[in-house]
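Q: fold the stuff below for me.
(chains A, B, C and D)
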There are 2 protein chains.
Amino acid sequence: MMDTASAQNRRGDTALKILAAARDVFSERGFAGTTVDEIARRAGVNKATLYYQIGDKQTLYAGVILDVMGSAADATAGDLQNAPSPEEKLRTYIRNVAAAMDRNPWMPPIMLREMAAGGRNFPEAVTRGMAQIFSILGGIIAEGVRQDVLVAAPPLLVHLMIVGAFAFFKTSAPLRERQAGTGGNWLAGEDRVSGAVATEVERLVLRALRKTPGEAG
Amino acid sequence: MMDTASAQNRRGDTALKILAAARDVFSERGFAGTTVDEIARRAGVNKATLYYQIGDKQTLYAGVILDVMGSAADATAGDLQNAPSPEEKLRTYIRNVAAAMDRNPWMPPIMLREMAAGGRNFPEAVTRGMAQIFSILGGIIAEGVRQDVLVAAPPLLVHLMIVGAFAFFKTSAPLRERQAGTGGNWLAGEDRVSGAVATEVERLVLRALRKTPGEAG
DNA sequence: GATATTATACCAACCGGTTAGTTTAAACTT
DNA sequence: AAGTTTAAACTAACCGGTTGGTATAATATC
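A: Numbers count the residues shown, from 1 in each chain, chains lettered A, B, ... in the order given. The predicted model follows:
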């Protein structure tokens, strides 16, 4: 028995529980490897309720994709105008990508699997968000070139290097753990990218893009 | 009716046809998304023959993984000792990775999906190959640092940036095609990474790692 | 040299289990 | 009363794997 307030707090509670469970399972096993029964089980909900609340497996998956990938653009863009220089904006950009992946650990596996499928399941809102991200990065680089502090580079490739490094690093945690004993610096035990990993990527990307003093303009 | 020579030529032909079909389908749809019937259909072979020749789905997949990922280390290492300087070795390294992905288009999707799964399905031979790759890259960087032409950097991260950029670029081809009309430079129509893409990545990585004249040693 | 036997390669049909999705009747909530 | 949830049974399709059997050619046996 609950009072009105908690009842209203719980409005949509079941649907959220289902979506959260779906996000977990899809991110662990991918679309084809996931069973609807498993989602229902983890959500602590009867399968009929799942279909009543949301719909079929495809609809469920589309909802998860949008939820997991949808906020990427906003997360990447946030904070950016506070940075004074193009260099600082680039640092913020990279830190934002890293923070987004730490905050949203479902993103890397889902992103990797969807990219493996050619991104064909991305809803239009997601691809629009990706376009927005590139245009932001393109703007930073262009501004840096104008101010003579950065060299020109294709934003798409720069972004892919950053995101690729972070996504691979995140998903490689079990592998790195497994290989830790075999020698070589596998950075085992690291599961976050905000921090040492982001700092190193920042350093490398800035070295790559920063115009050196003697360099021709 | 065939003579002895062609009969011997065709020895193992069926198994190869099956493995090739399996490689195609697994790379398109992933393990869970692939049906054994589809592989048999594409190989032009009865399902029972598939089981007779190779074994169950897991065995088939393990064979494909080894086939597709196994040669990565050799491909990356090849040619390297011919390069005179650490910079040139780094360029060769990057070009080799790019060439391996163009020559072996099944690698990027399979790699992305396996990384999404935490690399848990990689046979030991594959992870050993990956370790070898990092150690090669680590050697190049160490040599460059010793000769005072490169700065220190974690080989793992450098490799992940390179491979991430190439793999994402390859698998994003349909996505880039789809977005070509919406403005922004999506590099649509590019499906190879050897060439312009590798050249650009080379440039960025070398800028990142090369020690600039005035830089403290 | 004609006749069995064996090994290899292959296939159509089938089997048992799984999975997405539905239905129904009852209970709980507001 | 309307909306939500449940347990449970059900189905239709699908899918991994097996079975029983055929074709062929090489080898052994007489």
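
Q: the residue in chain A that chain B sits nearest to: what's its closest spatial neighbour, skipping adjacent residues?
A: Closest approach between chain A and chain B, counting by CB to the nearest CB: A:Gly164, at 1.6 Å. C-beta: built from backbone N, CA, C; applies to glycine. Leaving aside its sequence neighbours, A:Gly164 sits nearest to B:Gly164 (CB to CB, 6 or more residues apart in numbering or on different chains; 1.6 Å).

Q: what residues of stretch A:205-217 count as buried?
A: Neighbour-count burial for stretch A:205-217, counted by 16 or more other CB atoms under 10 Å in any protein chain shown, picks out A:205-211.

Q: what helix or strand is the residue in chain A positioned nearest to DNA strand D on?
A: Relative to DNA strand D, the nearest point of chain A is A:Thr14 (3.0 Å; CB to the nearest atom of the strand). Assigned by DSSP states H and E, A:Thr14 belongs to helix A:13-29.

Q: contacts for that helix, please.
A: The contact list for helix A:13-29, computed with CB atoms under 8 Å, 6 or more residues apart in numbering or on different chains, reads A:34, A:38-40, A:42-45, A:49-50, A:53-54, A:60-61, A:63-64, A:67-68, A:105-106, A:109-110, B:32.

Q: show the model's pLDDT score for A:Leu187.
A: The score at A:Leu187 is 90. That number is its pLDDT.

Q: which ones are touching it?
A: By CB under 8 Å, 6+ apart, A:Leu187 lies in contact with A:169, A:176, A:197, B:154, B:156.

Q: ok, now with 7 Å
A: Each residue near A:Leu187 by CB atoms under 7 Å, 6 or more residues apart in numbering or on different chains is listed here: A:176, B:154, B:156.

Q: just the element for the last one, please.
A: Counting by DSSP H and E, the secondary-structure element that holds B:Leu156 is helix B:155-171.

Q: buried residues in the helix or strand following that helix?
A: Note on helix B:155-171: by DSSP H and E, the next helix or strand toward the C-terminus is helix B:173-179. Neighbour counts using 16+ other CB under 10 Å place B:173, B:175-176, B:178-179 of helix B:173-179 among the buried residues.

Q: buried residues in the lengthiest helix in chain A?
A: Assignment by DSSP state H gives helix A:124-146 as the longest helix of chain A. Using 16+ other CB under 10 Å as the test for burial, helix A:124-146 gives A:126-127, A:129-134, A:136-138, A:140-141, A:144-145.

Q: before we move on, back to that, ok, and of the contacts of helix A:13-29, which contact DNA strand C?
A: The subset of those within reach of DNA strand C, by CB under 7 Å from any atom of the strand, is A:Thr34.

Q: narrow the contacts of helix A:13-29 to those that are buried.
A: Buried members of the contacts of helix A:13-29, counted by 16+ other CB under 10 Å: A:34, A:38-40, A:43, A:45, A:49-50, A:53-54, A:60-61, A:63-64, A:67-68, A:106, A:109-110.

Q: just the buried residues of stretch A:205-217 that are near chain B?
A: Contacts with chain B within the buried residues of stretch A:205-217, as defined by CB under 7 Å from any CB of the partner chain: A:207-208.

Q: filter the buried residues of stretch A:205-217 down to the ones in helices?
A: Those of these lying in helices (DSSP H): A:205-209.

Q: A:Gly138 and A:Leu156 touch, don't they?
A: No - the criterion here is CB atoms under 7 Å, and A:Gly138 misses it with A:Leu156 at 8.7 Å.

Q: contacts only, for A:Ala73.
A: Counting by CB under 7 Å, 6+ apart, A:Ala73 has contacts A:129, A:132-133.

Q: can I get these in a markdown table including pLDDT?
A: Converted to a markdown table, those look like this (pLDDT from 0 to 100):
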| residue | pLDDT |
| --- | --- |
| A:Gly129 | 93 |
| A:Gln132 | 92 |
| A:Ile133 | 92 |
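
Q: who's in contact with the closest residue to A:Ser135 other than its chain neighbours?
A: The spatial neighbour of A:Ser135 that comes closest, neighbours along the chain excluded (CB to CB, 6+ apart), is B:Gly184 at 5.9 Å. Contacts for B:Gly184 (CB under 7 Å, 6+ apart) come out as A:131, A:134-135.

Q: hmm, back to that, the contacts of helix A:13-29 in strands, which ones?
A: Members of the contacts of helix A:13-29 lying in strands (criterion: DSSP state E): none.

Q: so which bits of chain A are right by DNA strand D?
A: Applying CB under 7 Å from any atom of the strand, we find that chain A lies next to DNA strand D at A:13-14, A:44-49, A:52-53.

Q: so where's chain A shaky on pLDDT?
A: Within chain A, the ranges that satisfy pLDDT under 70 run A:1-11, A:216-217.

Q: apply 50 and report the result again.
A: A:1-11 (pLDDT under 50).

Q: any idea how many residues pack against the closest residue to A:Gly44 other than its chain neighbours?
A: Residue nearest to A:Gly44 in three dimensions, not counting chain neighbours: A:Lys17, with 6.9 Å by CB to CB, 6+ apart. By other CB atoms under 10 Å in any protein chain shown, 17 other residues sit near A:Lys17.

Q: neighbours around A:Thr182, how many?
A: Quick note: A:Thr182 (other CB under 10 Å) scores 11 neighbours.

Q: hang on, isn't it packed against B:Phe134?
A: No - taking contacts as CB under 7 Å, A:Thr182 lies outside contact range of B:Phe134: 10.8 Å.

Q: make sure A:Tyr61 is actually in contact with A:Gly30.
A: No - using CB under 7 Å, A:Tyr61 makes no contact with A:Gly30, being 9.7 Å away.

Q: about what we covered before: closest one of the buried residues of stretch A:205-217 to DNA strand C?
A: The closest of those, once distances to DNA strand C are taken by CB to the nearest atom of the strand, is A:Val205, at 40.8 Å.

Q: re the thing from before, what about the residue nearest to A:Gly164, how many residues close to it?
A: By the criterion of other CB under 10 Å, B:Gly164 has 24 neighbours.

Q: so who does it touch?
A: Neighbours of B:Gly164 in contact, by CB under 7 Å, 6+ apart: A:160-161, A:163-165, A:167-168.

Q: with A:Pro109 instead?
A: The contact partners of A:Pro109, by CB under 7 Å, 6+ apart, come to A:27, A:171, B:116.

Q: if you set the cut-off to 10 Å instead, what comes out?
A: A:26-30, A:68, A:167, A:170-171, B:112-113, B:115-118 (CB atoms under 10 Å, 6 or more residues apart in numbering or on different chains).

Q: now, of these, which are buried?
A: Neighbour-count burial (16+ other CB under 10 Å) is assigned, among those, to A:26-30, A:68, A:167, A:170-171, B:112-113, B:115-118.
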